[in-house]
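Asks: What follows is a predicted protein model with its sequence.
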There are 2 protein chains.
Amino acid sequence: MRIVLALAALPLIAVAQTGPITLRDMGSFHVGGREVELSGRPVKEITFTPGGAPAKIDPNGTYLVEAMYVQYFLPANRRGQVPLLLWHGGGLTGVTYETKPDGGEGWMTWFLRHGWDVYNSDAVERGRAGWAMTPEIFKGEPIFLTKANPWERFRIGPGPGSYASKTTNPGVQFPTEAYDNFVKQAVPRWTTTDEATIAAYTALVDKVCPCVLLFHSQAGQFGYKVAQARPDKVKAMVAVEPAGDGDPAQVARLAGIPGLVLYGDFIERDSRWPSIRRNGIAFAEKVNAAGGKMEVVDLPKAGLRGNSHMMMMDRSSGEIAALIQAWLEKQGLYR
Amino acid sequence: MRIVLALAALPLIAVAQTGPITLRDMGSFHVGGREVELSGRPVKEITFTPGGAPAKIDPNGTYLVEAMYVQYFLPANRRGQVPLLLWHGGGLTGVTYETKPDGGEGWMTWFLRHGWDVYNSDAVERGRAGWAMTPEIFKGEPIFLTKANPWERFRIGPGPGSYASKTTNPGVQFPTEAYDNFVKQAVPRWTTTDEATIAAYTALVDKVCPCVLLFHSQAGQFGYKVAQARPDKVKAMVAVEPAGDGDPAQVARLAGIPGLVLYGDFIERDSRWPSIRRNGIAFAEKVNAAGGKMEVVDLPKAGLRGNSHMMMMDRSSGEIAALIQAWLEKQGLYR
């Protein structure tokens, strides 16, 4: 049931683009969120700025929480039939799709240059979405990652211990000389906010779709579940190494939506990625068994070697974007 | 010593602009930061995604903290002699300068359309800059604001209690129908991170200046102090209701930098703003006594009435931008 897309069969377009970008509009907004009441807490007097006038801050009252942030860029020469929504992975923000850690062009401007309306976002709790009082509103505690963690978990290096010696997987495409710039992009995360995140993403889809969803890693479950909630509004799904999947009881709701699932290199060398990939393929197969149109691409088998979990930051990110672009064209979503 | 700029004397240019924006480049980066070691903590096993593969997360090791996030847009038709850096106020992010809560055009695109290279940022601890373990690395605790707080403290309404009845200051220009959208922009803040923030802003100035600094509210102290640290790199300062000031012992370091200080309406009705304004004017006067070139504008006296503390979001934000633009032209920073 697994389909390995043959790169040779795709009409690959030129990847490198430079020169001016002309926008018909750009902007940002917040969407979603709910109100929460807190009470019974003491009023504090806070001097925000040294030498400033103290302010009485009453923590009791209504909080507006769990909204998300979205920034959009609309090209003058629009060629995508619907907007392209970019959803980042865990512990990260929309910066994932912006300028790469090594200064190269990220997927956001790549697709913008190719004529797609792009909506890049920070999910609930991340970046410009803000976060709520914890543990009162966000249950549990935030998780912070050391510098070593993503190197060892995102297949830049071969697992635990590899960061200390700066050992990489052989031929890895991640620009390790710019690794610190990537680490600076990381933000704290919770494991308790999935439902709030799905609610905000659903509000986003209601606001700006029909659209294509491109989602990475943790957003695997968000992309699939929101598509299951709004199957008429999602015209295609691009799952980039999804770390979670949709509701297996509702796979039939995805049957009408073409899907592309991408996996990078070094998976068989990792302790966790073989099972994550196996689950992701099993989910795609269930969707197809219900009449769906999911295609799975293992990038090494398609001739693209060395990709890490952060393939949108890898040196070969443009080639992967071109593969996604060709697939979207094949779905009739480009003019 | 206080100079009230006469609006009539300024060559005000057309404010409303629509149509395409052509960029010669756009992108983002993180800058600054330092490493911190933590040790002696237990390793945790965390399942990030329901049904996912558990990961061992070792919280011991090196953290990269206190970097900041910067996004830039460079117009094809560049007219500003140097880049314009936009620095937000407390509990907020660079979203302050993006699309206004009522959907109108914010200052970032206003100045971009007028030919300025714009660098909009999230300071340390805010938005896409991320934040560090607290209280281990960020001392103290984060402060969260209720919905009522900014309404009552930013002079949208007449102080404590005004939010419950939705009472506004008479003729306020803030788009109160879009107030919830503004509240969604707020993020938690600390009162202990000023030095880290100044360090990161200084690294930003070292990277992209000479430049103009435009700073709001809490960033008053950041703008002035960073200009004091790098007086040769700052060609002009626009202080929008600064809530804090520079080092009074180093005012002479600002003597060579023209400065514009703006205050909105309703200050005399507020419990805190009269003293904040008084301190800000006293600081500007000290700079001028040392040979400086600071101009203070009370917007109501210049014919612009009803402005709140969030004047870049007010209905009349374009008129204030035009006033700033005219002042920058007068400084010879525009071609």
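Replies: Yep, it's here. Numbers count the residues shown, from 1 in each chain, chains lettered A, B, ... in the order given.

Asks: how about the strands in the stretch 51-200 of chain A?
Replies: Using DSSP state E, counting those that start in this stretch, the strands of the stretch 51-200 of chain A run over A:55-57, A:61-75, A:84-87, A:118-122.

Asks: And those strands: which comes nearest chain B?
Replies: For chain B, the closest of those is strand A:61-75, at 3.7 Å, according to CB to the nearest CB. Every residue, glycine included, has its C-beta placed from N, CA and C.

Asks: That closest one and chain B, any residue contact?
Replies: Yes: using CB under 8 Å from any CB of the partner chain, strand A:61-75 comes into contact with chain B via A:61, A:62, A:63, A:64, A:67, A:69, A:71.

Asks: Let's test this: mean pLDDT of that strand, rounded?
Replies: Averaged across strand A:61-75, pLDDT comes to 98.

Asks: What pairs with that strand, parallel or antiparallel?
Replies: strand A:21-38 (antiparallel), strand A:118-122 (antiparallel) (DSSP bridges).

Asks: Would you mind putting the CA coordinates of that strand into PDB?
Replies: Extracted in PDB, the C-alpha atoms of strand A:61-75 (Å, rounded to 0.1, in the frame of the first residue of the first chain):
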ATOM      1  CA  GLY A  61     -10.400  38.400  36.800                       C
ATOM      2  CA  THR A  62     -10.800  37.200  33.300                       C
ATOM      3  CA  TYR A  63      -7.900  35.900  31.200                       C
ATOM      4  CA  LEU A  64      -8.000  35.500  27.400                       C
ATOM      5  CA  VAL A  65      -5.900  32.400  26.700                       C
ATOM      6  CA  GLU A  66      -5.200  29.800  24.000                       C
ATOM      7  CA  ALA A  67      -5.400  32.000  21.000                       C
ATOM      8  CA  MET A  68      -2.800  31.500  18.200                       C
ATOM      9  CA  TYR A  69      -0.700  33.800  16.000                       C
ATOM     10  CA  VAL A  70      -0.700  33.800  12.200                       C
ATOM     11  CA  GLN A  71       1.300  35.900   9.800                       C
ATOM     12  CA  TYR A  72       0.500  35.900   6.100                       C
ATOM     13  CA  PHE A  73       2.200  36.900   2.800                       C
ATOM     14  CA  LEU A  74       0.100  37.100  -0.400                       C
ATOM     15  CA  PRO A  75       2.100  37.200  -3.600                       C
END
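
Asks: Near chain B, which residues of the stretch 101-250 of chain A are found?
Replies: So the stretch 101-250 of chain A meets chain B at A:103, A:105-106, A:109, A:122, A:127-128, A:130-133, A:143-149, A:153, A:160, A:180-181, A:183-189, A:191, A:194, A:218, A:220-221, A:243-245 (CB under 8 Å from any CB).

Asks: Residue A:317 contacts residue A:101, correct?
Replies: No: the pair residue A:317 and residue A:101 fails to qualify as a contact (CB atoms under 8 Å) at a distance of 10.8 Å.

Asks: re the thing from before, switch the strands of the stretch 51-200 of chain A over to CSV; also include distance to residue B:259 and mean neighbour count.
Replies: Output for the strands of the stretch 51-200 of chain A, formatted as CSV (distance: least, CB to CB, whole Å; neighbours: other CB atoms under 10 Å in any protein chain shown):
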stretch, distance to residue B:259, mean neighbour count
strand A:55-57, 26, 15
strand A:61-75, 31, 22
strand A:84-87, 40, 27
strand A:118-122, 34, 27
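
Asks: so can I have CSV of those strands showing distance to residue B:29?
Replies: CSV is the format used below for the strands of the stretch 51-200 of chain A (distance: least, CB to CB, whole Å):
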stretch, distance to residue B:29
strand A:55-57, 34
strand A:61-75, 16
strand A:84-87, 18
strand A:118-122, 16
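
Asks: Ok, which of those strands comes nearest residue B:271?
Replies: Relative to residue B:271, the nearest member of these by CB to CB is strand A:55-57, separated by 9.0 Å.

Asks: can you tell me the average pLDDT over that closest one?
Replies: Strand A:55-57 comes out at a mean pLDDT of 86.

Asks: ok, now stretch A:185-205?
Replies: On average, stretch A:185-205 scores 97.

Asks: what's the first-to-last distance across stretch A:165-174?
Replies: End-to-end distance of stretch A:165-174 (CA to CA, to the nearest Å): 16 Å.

Asks: what residues does it touch?
Replies: Stretch A:165-174 is contacted by residues A:154-158, A:162, A:176, A:265-266, A:269, A:305-308, A:310-311, A:313-316 when judged by CB atoms under 8 Å, 6 or more residues apart in numbering or on different chains.

Asks: List buried residues within these.
Replies: A:154-158, A:162, A:176, A:265-266, A:305-308, A:310-311, A:313-314, A:316 (16 or more other CB atoms under 10 Å in any protein chain shown).

Asks: Inside helices: which ones of those residues?
Replies: The members of these all map outside helices under DSSP state H.

Asks: Next, the closest residue to residue A:189 other than its chain neighbours: phi, psi?
Replies: Excluding the flanking residues, the one nearest residue A:189 by CB to CB, 6 or more residues apart in numbering or on different chains is residue A:91, at 4.4 Å. Here is the backbone geometry of residue A:91 (degrees, to the nearest 10): phi 70, psi 10.

Asks: so how many other residues sit close to residue A:91?
Replies: For residue A:91, the count of nearby residues is 23 (other CB atoms under 10 Å in any protein chain shown).

Asks: and if you look at residue A:50?
Replies: Residue A:50, neighbours per other CB under 10 Å, totals 10.

Asks: Confirm that it sits in a strand.
Replies: No: if the criterion is DSSP: H, G, I helix; E, B strand; the rest coil, then residue A:50 is coil and not within a strand.

Asks: thought it was touching residue B:220?
Replies: No: Residue A:50 is beyond contact range of residue B:220, at 11.0 Å (criterion: CB under 8 Å).

Asks: residues bridging contact with those two, i.e. touching both?
Replies: Listed as contacting both residue A:50 and residue B:220 by CB under 8 Å, 6+ apart are residue B:244.
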